[in-house]
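J.: Give the three-dimensional model of this entry:
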Amino acid sequence: MKTHKLTQSTVAEYIQREKDNGLKYEYHDGEIFAMEGGSYNHGLLCGNIYAEMRRALRAKGNSCKPLSSEIKLYIATKNNYVHPDSMVVCGEVNKADDDKNAVTNPTLIVEVLSKSTADYDRGDKFHTYRQIPEFKEYVLIDQYKEVVEVFYKPDHVDLWKISRYEGLAAIIELESIGIAIKMSDLYFDVDEL
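T.: So this is what the prediction gives:
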């Protein structure tokens, strides 16, 4: 999703702005950015990845919880509030002190790429996410072709492994949460690419 810078403000003003008008904004250390809506395929892919992770995690019966883009992520080291397309928190959900609607400890983060955000999602945003100690896996979903990239960091290792999945026959392995998702299920009902 694209963002447009609005104004300089405090965290409290940012939180109040979201409450007052029900729209999504990102907060980057004093700057508020309005978020634009995504495309039809973007919305389907966000819903499909959330649904598939939820189904698989419920079947496993573990303590990992998938979260939709309605839940914010607070990154304390950067003083940022963002809305990833989806996240998974394993174990206890930790919330931000200033905003109880924002989590702080995702294990896995998902972003659906668009032409306007792909470079940011792969670059500065990924760097910012890596400031989260619990963060182990980053999933980038292409909305224009059946391609998924997964960046995975094993425990106690500061080296990211990259896996690329292509085509509807592929099976996406999400190591941090121990599940696999069929590309055909992820791209179910997505308009022709």
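
J.: ranges for the helices of the chain?
T.: Along the chain, the segments classed as helices by DSSP state H run 11-21, 40-60, 118-122, 124-129, 183-186.

J.: Can you flag the weakest of those by average pLDDT?
T.: Mean pLDDT is lowest for helix 11-21 out of those, coming in at a mean of 86.

J.: what's the offset of it from the middle of its chain?
T.: Relative to the chain's own centre, helix 11-21 is displaced by 21 Å; criterion: C-alpha atoms, centre = their mean, to the nearest Å.

J.: For that helix, which outside residues touch it?
T.: Identification of contacts with helix 11-21 by C-beta atoms under 8 Å, 6 or more residues apart in numbering yields 9, 24, 25, 27, 32, 79, 81, 98, 99. The C-beta positions use only the backbone N, C-alpha and C, and glycine is treated the same way.

J.: Which one of the residues you listed is nearest to residue 133?
T.: The closest of these to residue 133 turns out to be residue 79 (C-beta to C-beta; 16.3 Å).

J.: circling back to that earlier point, out of the contacts of helix 11-21, which end up buried?
T.: Among the contacts of helix 11-21, the ones that count as buried by 16 or more other C-beta atoms under 10 Å are 9, 24, 25, 27, 32, 81, 99.

J.: among those residues, which two are most distant?
T.: The distance between the two most remote of the buried ones among the contacts of helix 11-21 (C-beta to C-beta) is 15.5 Å, for 9 and 24.

J.: coming back round to it: adding distance to residue 137, write the buried ones among the contacts of helix 11-21 out as a markdown table.
T.: Shown next, in a markdown table, are the buried ones among the contacts of helix 11-21 (distance: C-beta to C-beta, whole Å):
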| residue | distance to residue 137 |
| --- | --- |
| 9 | 32 |
| 24 | 23 |
| 25 | 26 |
| 27 | 24 |
| 32 | 29 |
| 81 | 21 |
| 99 | 24 |
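
J.: buried set for stretch 105-124?
T.: By neighbour count on 16+ other C-beta under 10 Å, the buried set for stretch 105-124 is 105-114, 117-118, 120-122.
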